[in-house]
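J.: only the shape, not the letters, is given here:
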């Protein structure tokens, strides 16, 4: 019986990875294409014509237009007759995850514990492809250009949580990730040398925590520990972000790492 592989399906915070082969009779190509169109909009492409959309997702202009008009009818995109853009209705999809995720709800009082113990913003982060997604948070808002608000996405290789999860994705897989990805520069401190990053992955696996300083934004650091379930499987990362100020790296780690580890240990039997 013919099976197909679901493309780039990320692991769920509440269940196993959705990466097993799927029977062709169960595959709905139209749903895949519709989601691809929603994901094609972004910071650099907030408004697209049907022809531009077709180029981005590998469709003809006519097919892309039909999908866009369907999404327009459903209220997920707006249009002036030529250009298309996302509407706030798309936020329902993300909100549905936040409201239905058992782990996101479970972790909230534990994030409050981290914030109380460190006076820093605390997050539960997940790895989605090559990005980190912040699926739960606690703490005050700060004026960061990167805006680590709930649901924010950042490149994994420039955050403590992302580096940790990339390192533990599978130790043999870390070189593969480096081989197929370009380490984009965000600041003068961003690690762009694959061998340097490979060494950083090895360090993270050895110590089982990660520190990232000024990789994504100047004068900010992050510290992360793995969040594992009762079977020892990695389900995400607990992390804090903070301004560097006058505090040294060693002092920051000494101040928050114990709280992060204790919280991860307390959560483990509950997941």
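T.: Sure, I can see it. Just so it is clear, the structure is predicted and the values come from calculations on it, not from any experiment.

J.: tell me what the helix or strand in which residue 167 is found is packed against?
T.: Per DSSP states H and E: residue 167 is located in helix 160-169. With contacts taken as 3 or more Cβ pairs under 8 Å, 6 or more residues apart in numbering; DSSP states H and E, helix 160-169 sits against strand 121-128, strand 131-138, helix 173-180, helix 194-207, strand 210-213, strand 220-228, strand 234-243. The way it works is simple: take the backbone N, C-alpha and C, and place the C-beta from them, glycine included.

J.: between these, which one is closest to residue 23.
T.: Closest of the helices and strands packed on helix 160-169 to residue 23 is strand 121-128, at 24.9 Å (criterion: Cβ to Cβ).

J.: any idea how far the closest one is from the chain center?
T.: Computed by Cα atoms, centre = their mean, to the nearest Å, the separation of strand 121-128 from the middle of its chain amounts to 7 Å.

J.: helices and strands around it, which ones?
T.: Going by 3+ Cβ pairs under 8 Å, 6+ apart, strand 121-128 lies up against helix 102-118, strand 131-138, helix 160-169, strand 234-243.

J.: which SSE is immediately downstream of the second one?
T.: The one in question is strand 131-138. Per DSSP H and E, strand 131-138 leads on to strand 153-155 as the next helix or strand towards the C-terminus.

J.: partner strands of that following strand and their direction?
T.: Under the criterion DSSP bridges, strand 153-155 sits next to strand 131-138 (antiparallel) in its sheet.

J.: contacts for the partner strand?
T.: In this structure, residues lying in contact with strand 131-138 by Cβ atoms under 8 Å, 6 or more residues apart in numbering are 13, 97-98, 101, 103-104, 107-108, 111-112, 114-115, 121-127, 148-156, 159, 161-162, 165, 236.

J.: and the helices and strands packed on strand 121-128: which comes nearest residue 65?
T.: Nearest of the helices and strands packed on strand 121-128 (Cβ to Cβ): strand 131-138, 28.8 Å.

J.: next, the angle helix 102-118 makes with the closest one.
T.: For strand 131-138 against helix 102-118, the angle by axes from the mean of the first three to the mean of the last three Cα atoms, to 10 degrees is 70 degrees.

J.: how far off centre is strand 131-138?
T.: Here strand 131-138 is found 7 Å from its chain centre; the criterion is Cα atoms, centre = their mean.

J.: for the nearest residue to residue 162 once chain neighbours are set aside, what are its contacts?
T.: Spatial nearest neighbour of residue 162, excluding adjacent residues (Cβ to Cβ, 6 or more residues apart in numbering): residue 156 at 2.9 Å. When contacts are counted by Cβ under 8 Å, 6+ apart, residue 156 touches 127, 130, 131, 132, 162, 163, 165, 166.
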